[in-house]
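Student: no sequence for this one, just the structure:
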């Protein structure tokens with residue numbers, strides 16, 4: 001695997017951690033530095049791949065909407081819709097207030 005163009009320093013890891021508002025230990029700095037170096041090496045390897053013949057895509061799979069025709073169908077009666085509700089108030093579900 002190709003090496004990243006520049007080595008990632010512990011100071012850079014600490015700077016990124018500060019930007020992300022993360023408090024990390026010296027041991028974590030070393031561990032994350034090594035992990036980030038590996039990630040950057042993989043990204044560098046991907047950057048070396050020839051993608052000139054690959055069309056730009058937003059998603060790897062073809063996407064298409066599958067729609068069905070709207071059909072008028074009978075809906076539930078109020079009684080059926082409220083049958084399993086823990087609490088009801090007339091023809092409505094009764095729930096706890098979420099704002100005062």
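Tutor: Here it is on my side, so go on. This one's a predicted model, so the numbers in the text were calculated from it and none came from an experiment.

Student: now residue 61: how far from residue 93?
Tutor: Distance, residue 61 to residue 93, using C-beta to C-beta, to the nearest Å: 39 Å. Placement of C-beta: from N, CA and C, glycine included.

Student: Who has more neighbours out of these two?
Tutor: Neighbour totals were compared for residue 61 and residue 93, and residue 93 leads with 11 against 6 (other C-beta atoms under 10 Å).

Student: if I look at the residue nearest the centre of the chain, how far off is residue 27?
Tutor: For the chain, residue 59 is the residue whose C-alpha lies nearest the centre (C-alpha atoms, centre = their mean; 14.8 Å). According to C-beta to C-beta, residue 59 stands 39 Å off from residue 27.

Student: With residue 75 instead?
Tutor: Applying C-beta to C-beta, the value for residue 75 to residue 27 is 60 Å.

Student: swap in residue 39?
Tutor: Computed as C-beta to C-beta, the residue 39 to residue 27 distance reads 19 Å.

Student: out of those two, which sits in the more crowded spot?
Tutor: Of the pair residue 39 and residue 27, residue 39 is the one with more neighbours under other C-beta under 10 Å, namely 12 against 8.

Student: Now that one: which helix or strand?
Tutor: Counting by DSSP states H and E, the element that carries residue 39 is helix 26-48.

Student: what does the next helix or strand after that helix contact?
Tutor: Toward the C-terminal end, the helix or strand that comes next after helix 26-48 (DSSP H and E) is helix 78-82. With C-beta atoms under 8 Å, 6 or more residues apart in numbering as the contact definition, helix 78-82 has outside contacts at 88, 91, 93.

Student: from these, which is closest to residue 50?
Tutor: Each of the contacts of helix 78-82 was checked against residue 50 using C-beta to C-beta; the closest is residue 93, at 58.9 Å.

Student: any idea how far residue 56 is from that closest one?
Tutor: As defined by C-beta to C-beta, residue 93 lies at a distance of 48 Å from residue 56.
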